[in-house]
Structures are given as C-alpha cells and as structure tokens.
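Engineer: 3D, please:
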Amino acid sequence: MDCTSFTTEDQCFVKSNSAQATFLVSAHEPADAAEWIEHNWDGSVLASIRGSGCYGPLACMLSPQEPALALFGWNDPRITAMAQELAEVSGFPVMIRPPSDNPALSALIQHANGSDEGSPAPLGVDNGSSNSNNVSGDGRDASVGAGDNAGPNNSRSDSSDASGEANGGGDGGDGSGEPSVMDERPPPLHRTSLKLRIKLAHGVYNVAVVYAYKFIVDGDPETPIDHKDFSKPLSRPELISLVDFKIEARPREAQVDRSYASIGFVAHRGQSFADRQFLPRGFEQPEKTYTYGIYHGTQWGLKAAAGFSQGSPLGTVGLSYDENNNTTTQAADNKAMPKCLVKWEEGEEWGDEEDADESYSSYNISFQPREVCFSSTRNSEPLPLEVKVGMGVNFRSAPSGQPPLPPVSFVNRNQVLMWISDPSSKAQIRGILVLISSYLDDVHTTEKLQIFEQKEVEFDVTPQASSGGPYAHFHVENLG
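Structural biologist: Numbers count the residues shown, from 1 in each chain. As a prediction, this is how the structure comes out:
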C-alpha cells in the first residue's frame with residue numbers, strides 16, 4: 001500500500017477555512033475508457049480476450065485522474081501478452097485481476113441481464129497507481145493514495161443525546177486491540193451520513209456512506225506493573241481515535257471492491273508525537289491454534305492350524321505382536337473470520353523539524369469485503385462493508401510554559417472503487433471511484449458534531465453520446 005496521505009499543503013488549505021469540520025466528496029467515472037470498449041467490443045482484440053476465457057475488459061478508475069481497463073484472469077504469460085496488446089491498442093493502463101475479483105460473478109451481471117433478484121446490502125473499495133500504458137499484475141498488489149484536497153464546509157453541532165459506542169470487533173470479538181482508558185466523562189459521538197444518488201440513463205442507484213467517530217483522551221497513560229505478568233505494556237495511548245465506516249447499496253446495483261484509506265492526527269505543535277499504535281478493533285486475521293496428540297496402539301495375534309499327515313496328527317501355532325506410535329496435529333482458527341479483509345501499515349509523518357509549528361502522524365489502510373459462497377449452485381455474494389479501526393498516539397513532553405497536550409485535529413480519507421451495473425453498455429459493468437475526505441478541527445470538542453446530506457451524481461452511461469471530461473465531481477459544502 002502507498003496511500004497518498006495528508007500533506008502540509010492540504011493543512012494550509014484547511015486552515016484557511018474556519019469550519020469546525022470539513023467534508024468533501026468527489027465521484028469519478030471512466031467515460032473515455034467505457035466509450036473505447038463500446039466502440040471496439042466486436043473488434044479482434046476484445047474478441048480474442050473473451051475467447052481466451054479471460055473476462056473483460058471493464059472500464060474503471062486507476063486513479064482519480066486516470067481511467068483504466070481491468071481484465072480478470074490468471075496472471076500467466078498468455079494473459080499478460082493480451083493485456084500488453086490491449087494497453088498499446090487502447091492507450092489506457094490495463095490491470096490484471098484474479099478471477100475471484102470478477103464483479104460479474106455477483107448479482108451485478110444478473111441485474112444487467114434483466115434479473116431483479118437480490119437484496120440490499122453494503123459496499124467496498126479499490127485503486128491502483130497511475131502509470132500510462134502500464135500493465136499491472138495481480139490487482140491486489142496495486143495501491144493508490146487515498147484522499148482528495150479537503151474543501152470548506154460547515155458542520156452542524158448537536159448537544160442532544162446520541163447513542164452508540166464505537167467499540168467491539170468486526171467479528172463479534174472482544175475488541176482486545178483497544179487499550180483501556182480512564183476518563184470520567186464519556187466522549188461525544190460524531191456522525192456523518194451521506195446519501196449518494198447515482199443517476200444513470202436507466203435509473204438511480206442509492207448508496208449510503210456512514211461514519212461515526214469518537215476521541216478518547218487519557219491523562220494518565222502509564223499502566224501499573226503486574227508482577228505476575230511482565231509481558232503487559234508499560235503505557236497506553238494518551239489520545240485515541242475510533243472510527244466506524246459503513247457503505248450500503250443494493251448488491252444488484254453497486255458493489256464495492258478493495259479500498260484504501262488513511263487516518264491521522266495533526267498536532268498544532270511541532271515535534272509532538274512520540275509513538276503511535278494501530279487499533280484493528282477485532283479485524284485482525286485469525287491465528288491458528290494447534291492441538292497435538294499421541295496415539296499408542298498394541299495388537300496381538302494368534303494363529304493356529306491342525307490336521308493329519310499320513311495318519312498322524314499335525315498342528316502349528318503362530319503368535320504375532322505389533323506396536324504403533326503415531327502423532328496427530330489439528331489446526332483451528334482462534335476466532336471467526338472478520339467481515340472484511342483489513343491490512344494496515346505506517347503512514348506519512350511530518351513536522352519533526354526544529355522550526356515546525358505543526359506535526360502529523362498517520363496509518364494507511366486497505367480493506368475489502370469478504371465473499372461467501374452459500375452453495376455450489378449459487379454465486380458468491382460479498383458481505384456488507386463495515387469496518388472499525390482506530391489509532392492511538394503518545395506525545396512528547398511539552399515545552400516549558402505550554403499545556404501537556406497540544407491542540408489536535410483529525411483527518412480521515414477514503415478512496416472507494418464501486419462496480420455498478422450498466423445495462424446500457426455492452427460490457428454491462430463499469431467501475432466508478434468515490435473520494436471522501438473528513439477533517440475535524442478539534443478532537444477535544446465537547447459538542448456532538450453531525451452532518452447529514454444527500455447529493456445526486458449524474459453519470460453519462462451512454463458512451464456513444466459522451467462529451468466533455470471523463471469525470472463527474474460534486475462537493476458537499478455549507479452544511480450549516
């Protein structure tokens with residue numbers, strides 16, 4: 001993963017706006033790539049790809065600025081050669097994705113073919129790095145920066161009661177990744193709910209994007225020493241962010257692919273951060289637990305034979321003995337598999353210079369809904385996209401005359417690829433990219449901030465009539 005994180009230029013832009021919270025969403029569609037597929041669908045290049053058993057190509061977004069084509073097949077020399085030829089002929093970057101990532105295996109293709117079976121469920125994300133006429137290998141290894149420049153917005157504050165705790169794991173676990181905290185006053189719950197109405201030539205698809213945030217400050221991060229268990233950590237984070245993220249849509253209309261995100265703190269004091277910790281909140285992959293056994297067996301045998309030989313009795317007796325020692329090993333997961341595959345790595349950090357007046361620390365995250373096949377006769381269906389993550393930080397000692405903790409802001413960015421049903425096109429499916437950026441100015445606020453908004457995005461899904469740029473943008477602004 002190599003997500004584009006929050007930069008000093010982004011921070012300067014945000015500081016020019018005096019809102020409590022900033023929220024920006026932009027949607028991007030691959031109109032140029034979809035138009036090329038439509039005009040060349042019956043050509044020799046695309047016909048040979050379909051005849052090879054490889055599915056595609058499908059138009060999608062490699063980055064917010066660059067459309068791409070995606071093939072779904074095994075990454076062998078023959079498929080690679082076809083992808084290279086496709087990239088040269090079309091002029092678009094081409095990705096080779098595993099067959100299991102093919103969105104046509106889901107209810108999307110049934111909807112495009114006229115079937116209306118399917119029930120509402122949530123979504124997910126994906127992206128890749130921009131490189132013109134580049135053929136990437138397994139799409140799972142491609143990564144793209146998450147986020148877009150934040151724009152000015154006003155948030156609504158609500159001091160009324162709001163229920164719900166951002167605790168627990170993705171699989172019903174105990175959320176043991178979260179450190180214990182000591183805070184007499186419960187932190188406020190901040191919510192953001194955005195309803196996207198994706199308007200196509202044949203109808204409107206509704207997609208719901210929901211966030212919930214909590215921030216916990218621990219004034220005494222030191223943990224008591226347990227003389228019976230010295231493996232316990234000596235401290236816990238001083239500041240914790242907890243994030244719940246959910247996307248919902250009808251699976252026959254829109255589904256999510258692998259996505260990328262970044263979460264981070266901006267401290268308004270240079271050289272602020274001493275340590276950071278990622279909190280998976282139950283979304284760790286299961287670990288194997290092994291059970292060993294020893295089998296000891298002993299077997300005795302007795303064989304006797306009797307008869308006559310030349311009028312005289314004749315008898316034989318045989319005795320056998322066998323001893324076996326065998327070992328057995330059984331492996332089992334120590335917990336249920338999480339709803340989404342979540343991976344993380346250390347993100348960008350800046351502000352360690354002596355003259356810096358702000359500093360930043362973050363984590364990069366990728367997540368993808370798992371798929372479950374209910375029977376051998378039924379296509380696999382993606383599980384709802386619902387991710388819970390968190391981040392904790394510890395601060396350096398404050399300079400003389402300054403408070404122990406500096407003012408802190410929070411940044412969350414998501415870069416989501418959705419596959420949408422497109423019955424008006426020959427490919428029947430296309431990918432769109434949705435960028436979501438959130439910025440909370442003060443994590444110490446005691447107000448419950450809430451943003452509820454509905455926006456309509458109109459895509460030109462008739463490629464033959466495509467005109468203008470390949471992207472559709474909208475911004476959520478002035479939510480006061």
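
Engineer: element containing residue 403, please.
Structural biologist: Residue 403 belongs to no helix or strand when assigned by DSSP states H and E.

Engineer: so who does the closest residue to residue 456 other than its chain neighbours touch?
Structural biologist: The shortest distance from residue 456 to any residue other than its chain neighbours is 4.3 Å, reached at residue 197 (CB to CB, 6 or more residues apart in numbering). (C-beta placed from N, C-alpha, C; glycine too.) Under the criterion of CB atoms under 8 Å, 6 or more residues apart in numbering, the contact list for residue 197 reads 204, 205, 206, 454, 455, 456, 457.

Engineer: surely the fourth one meets residue 195?
Structural biologist: The one in question is residue 454. Yes - contact between residue 454 and residue 195 holds when scored by CB atoms under 8 Å: they sit 4.3 Å apart.

Engineer: more neighbours: the two, which one.
Structural biologist: Between residue 454 and residue 195, residue 195 has the larger neighbour count (other CB atoms under 10 Å), namely 15 against 12.

Engineer: tell me the SS of that one?
Structural biologist: Look at residue 195: counting by DSSP: H, G, I helix; E, B strand; the rest coil, its state is strand.

Engineer: which residues touch it?
Structural biologist: Residues touching residue 195, when contacts are defined by CB under 8 Å, 6+ apart, comprise 206, 207, 208, 209, 453, 454, 455.

Engineer: centre of the chain versus whichever strand or helix holds residue 430, how much separation?
Structural biologist: Residue 430 is located in strand 429-440, with elements delineated by DSSP H and E. For strand 429-440, the gap between its own C-alpha mean and the chain's C-alpha mean amounts to 12 Å (CA atoms, centre = their mean, to the nearest Å).

Engineer: please apply the same query to stretch 256-271.
Structural biologist: Taking mean C-alpha positions (CA atoms, centre = their mean), stretch 256-271 and its chain are 14 Å apart.

Engineer: burial count for the closest residue in space to residue 411 that isn't next to it in sequence?
Structural biologist: Beyond its immediate neighbours in the sequence, the residue positioned closest to residue 411 (CB to CB, 6+ apart) is residue 6, lying 4.6 Å away. By the measure other CB under 10 Å, the count of residues near residue 6 is 27.

Engineer: with residue 199 instead?
Structural biologist: Residue 199, neighbours per other CB under 10 Å, totals 15.

Engineer: residue 455 is in contact with that one, correct?
Structural biologist: No - applying CB under 8 Å, one finds residue 199 not in contact with residue 455, separated by 10.7 Å.

Engineer: please identify the buried residues of the strand or helix carrying residue 262?
Structural biologist: For residue 262, the host element (DSSP H and E) is strand 259-267. By 16 or more other CB atoms under 10 Å, the buried positions in strand 259-267 come out as 259, 260, 261, 262, 263, 264, 265, 266, 267.

Engineer: ok, now how distant is the spatially most central residue of the chain from residue 249?
Structural biologist: The structure's the chain has its C-alpha centroid closest to residue 367; by CA atoms, centre = their mean the separation is 1.5 Å. The spacing between residue 367 and residue 249, counted by CB to CB, to the nearest Å, is 16 Å.

Engineer: residue 430: what's it in contact with?
Structural biologist: Contacts here follow CB under 8 Å, 6+ apart; on that basis residue 430 touches 29, 30, 34, 58, 59, 60, 419, 420, 422, 461.

Engineer: contact partners for the second one?
Structural biologist: Yep, that's residue 30 we're talking about. For residue 30, the contacting residues are 59, 60, 61, 67, 68, 430, 431, 432, 470, by CB under 8 Å, 6+ apart.

Engineer: let me see the backbone angles for it.
Structural biologist: Its backbone dihedrals place residue 30 at phi -90, psi 60, with angles given as degrees, to the nearest 10.

Engineer: what's the answer for the fifth one, then?
Structural biologist: When read as degrees, to the nearest 10, the backbone of residue 59 gives phi -80, psi 140.

Engineer: wouldn't it be in contact with residue 433 here?
Structural biologist: No - proximity of residue 59 to residue 433 does not meet the contact threshold set by CB under 8 Å, at 11.3 Å.

Engineer: mind checking which of the contacts of residue 195 are buried?
Structural biologist: 207, 208, 209, 453.
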